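Trainee: predicted model, plus sequence, below.
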Amino acid sequence: MSTATTTDSKELAPVSAESLAALLVAKERPPRPSALSASLTFGWRAILKIKHVPEQLFDVTAFPIMMVLMYTYLFGGALAGSPEEYIQFLLPGILVMSVVMITMYTGVSVNTDIEKGVFDRFRSLPIWRPSTMVGYLLGDALRYTIASVVMLTVGIILGYRPDGGVGGVLAGIALLIVFSFAFSWIWTMFGLMLRTEKSVMGVSMMVIFPLTFLSNVFVDPRTMPGWLQAFVNNSPITHLSSAVRELMAGEWPTAEIAWSLGWSALFVLVFGPITMRLYNRK
Amino acid sequence: MSAQTSGLAIETAGLVKTFGETRAVDGVDLSVPTGTVYGVLGPNGAGKTTTVKMLATLLRPDGGEAHVFGHDVVREADQVRGRVSLTGQYASVDEDLTGIENLVLLGRLLGHDKKAARRRGEQLLEAFGLTEAAGKQVKHYSGGMRRRIDIAASILNTPDLLFLDEPTTGLDPRSRNQVWDIVRAVVGQGTTVLLTTQYLDEADQLASRIAVIDRGKVIAEGTKGELKASVGAGSVHLRLRDPAQRPQAEEVLRLTLEADVQREPDPVALTARVGAGAAGGWGAAEQAARALAELARGGITVDNFSLGQPSLDEVFLALTGHDTRTQTTRAEDAKLDDTKDEAAA
């Protein structure tokens, strides 16, 4: 506390006892906010934090650009004959992969935030308990949207032409954001469970790398050995990237959409309650 | 509930919280009347913060019971949360946000619409002399300003019970006095305040009743006067003209006051504790007068004489057998406990 940079060393204006007393007399208490209103308020807090620390948008701008460029030119020639052809296949997948990877920062921010005094205040408020966590995820949904727009822009510059048009692309992004919102409950759980930021990062990497790479993002799973196909074909990331890829290509992959939404529901139902249990016991 | 009708803001019975092997709170009984400042006084690691956290529904007790305005802090946590506010040891506001953003955020969470939240926030900043800093991030605030914004956040809705956990730790004397003024204004409007502190003069200044807590237990409880009386009605301080007369004066005091007499480092000074009800049931002032008369009869010249109430420092020393400051090992223990608390919490 004492190490804080103090910009204000001059005299503080005195506390006005009278106006303070006048404020305290007002004992009206508005009704408690609805679950939605409280969650949106916490979402607003997340957006304010982005406003004050815009550097934290680095991971949703520079990182995705890097991912698109790197994998398009690294694998394009070998896998599809040319980068331009490969990007038609790759972009929706790399979009899914990057955004799902970005979700893991949720865990880190929950972990660093929860130690601060302000959490004691939030937890002593008479509000819908999960709203604090939902607020994080709403703020993050904005970050995912930014990342998606950035990647699509880069992709289109590099020659990606989605047959699904604006409607297909928007549907694909919407599905991706719904899935990421649900998937993030894993990270809120780890953020509350693990003690340090470093361990949150470490565990997150352990989960996210195999999960995103062992999918159909880069190549068709038919070239893989049977045991790996079994895993890849059932991975939520494979279902999601197939769904997004086909939506953006102008199709309506009912089964893959259902799988993606089913996994999303499962993530919320399993990791949501665990997160809230940890949050209440913190 | 009975607590509601009996006018108690807080009632706890045998409250216990353990962290691993450590019993951070070890059977605490408190009864806090509404509309008063109740001081919880104790050194670092005594269990003050843990007790407050249980009462504010942030920690679940491992044993015993606690009611706030008649509501059980575990089973009726939501009702409790609706009536209390907490200002923690560390700034309980978001340091990345500005002063006004913090107040609007909390105002919205308390159910105010956007306009009302902003208006209330601006009025509070004005009352706390923070209007100029409204648009600055709280992390750039000075210690005194942080305390102010923190307390402002706690009274967005006038709470029935306000927890102030060491509100002046780390503040300079000037800012500390300002915080005291704020606390007095808040209590003046009928809010009950539970104040934890390790500063004896702070409890002395603000609280009407005090619980002294050490190693998770309440070791004394009462009004300030009762606590002081329990260790003696007062202290007599003497300064003699001639240091050579000190042994003789010491003997006279011991006989007339029937109390221990201490030699001060100053070669002409003596201090004696005047016990209530000691020395034949005389009051402290009468005893002191008799002692003075005896000294005069023995030809001992007294240059300076004073009779004062014992300080809370003396109270603490008498109650715990150890000082609040000089126990370096205790302080280190407490630090360990604190880190444990944090890890477990």
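Mentor: Happy to help now that I have it. Residues are numbered from 1 along each chain as shown, chains lettered A, B, ... in the order given.
Trainee: which residues does whatever residue of the stretch 1-150 of chain A ends up closest to chain B contact?
Mentor: Going by Cβ to the nearest Cβ, chain B is nearest to residue A:13 of the stretch 1-150 of chain A, at 3.1 Å. (Each C-beta comes from the backbone N, C-alpha and C, glycine too.) By Cβ atoms under 8 Å, 6 or more residues apart in numbering or on different chains, the residues touching residue A:13 are B:129-132.
Trainee: among those, which are in reach of chain A?
Mentor: B:129-132 (Cβ under 8 Å from any Cβ of the partner chain).
Trainee: tell me where the stretch 51-200 of chain A has helices.
Mentor: For the stretch 51-200 of chain A, the helices defined by DSSP state H, counting those that start in this stretch occupy A:58-80, A:83-102, A:105-114, A:117-123, A:131-158, A:165-183, A:185-193, A:197-213.
Trainee: swap that for the stretch 101-250 of chain B, sorry
Mentor: B:114-127, B:143-154, B:173-188, B:200-206, B:224-230, B:246-257.
Trainee: columns mean neighbour count and distance to chain B on top of the helices of the stretch 51-200 of chain A, output as CSV?
Mentor: Listed next are the helices of the stretch 51-200 of chain A as CSV, based on neighbours: other Cβ atoms under 10 Å in any protein chain shown; distance: least, Cβ to the nearest Cβ, whole Å:
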stretch, mean neighbour count, distance to chain B
helix A:58-80, 16, 16
helix A:83-102, 23, 20
helix A:105-114, 21, 9
helix A:117-123, 22, 4
helix A:131-158, 20, 8
helix A:165-183, 19, 21
helix A:185-193, 24, 12
helix A:197-213, 15, 13
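Trainee: returning to what we had before: just say which of the helices of the stretch 101-250 of chain B is most tucked in.
Mentor: Highest mean neighbour count of the helices of the stretch 101-250 of chain B: helix B:143-154, a mean of 24 (counted as mean count of other Cβ atoms under 10 Å in any protein chain shown).
Trainee: any idea how far residue B:132 is from the residue of the stretch 1-150 of chain A closest to chain B?
Mentor: 7 Å (Cβ to Cβ, to the nearest Å).
Trainee: residue A:168 contacts residue A:152, doesn't it?
Mentor: No: Residue A:168 is beyond contact range of residue A:152, at 11.6 Å (criterion: Cβ atoms under 8 Å).
Trainee: apart from its neighbours in sequence, what residue is nearest residue A:105?
Mentor: Spatial nearest neighbour of residue A:105, chain neighbours left out: residue A:59 (6.2 Å); criterion: Cβ to Cβ, 6 or more residues apart in numbering or on different chains.
Trainee: can you give me the pLDDT of that neighbour?
Mentor: Looking at residue A:59, its pLDDT reads 85.
Trainee: I'd guessed it sits against residue A:103; true?
Mentor: No: here residue A:59 lies out of contact with residue A:103, judged by Cβ under 8 Å, at a distance of 10.7 Å.
Trainee: shaky segments in chain A?
Mentor: For chain A, applying pLDDT under 70 flags the ranges A:1-11, A:27, A:282.
Trainee: pick out the residue nearest the middle of it.
Mentor: Centroid-nearest residue in chain A: residue A:103, 3.5 Å away (criterion: Cα atoms, centre = their mean).
Trainee: isn't it up against residue A:187?
Mentor: Yes: taking contacts as Cβ under 8 Å, residue A:103 lies within contact range of residue A:187: 6.1 Å.
Trainee: make sure I have this right: residue A:19 is in a helix.
Mentor: Yes: per DSSP: H, G, I helix; E, B strand; the rest coil, residue A:19 lies within a helix segment.
Trainee: need the contact list for the residue lying closest to it once chain neighbours are set aside.
Mentor: In this structure, residue A:19 finds its nearest non-sequential neighbour in residue B:127, 4.1 Å apart by Cβ to Cβ, 6+ apart. Residues near residue B:127 by Cβ under 8 Å, 6+ apart: A:15-16, A:19-20, A:22-23, B:152.
Trainee: any idea how far residue B:28 is from residue B:127?
Mentor: 35 Å.
Trainee: so what are the domain limits for chain B?
Mentor: B:2-229, B:232-309 (automatic domain parsing).
Trainee: which one of these is the most hemmed in?
Mentor: Comparing the domains of chain B by mean neighbour count (mean count of other Cβ under 10 Å), domain B:2-229 comes out on top with a mean of 20.
Trainee: that domain - what's its average pLDDT?
Mentor: On average, domain B:2-229 scores 90.
Trainee: need the max-distance pair from the contacts of residue B:127.
Mentor: A:22 and B:152 (14.0 Å; Cβ to Cβ).
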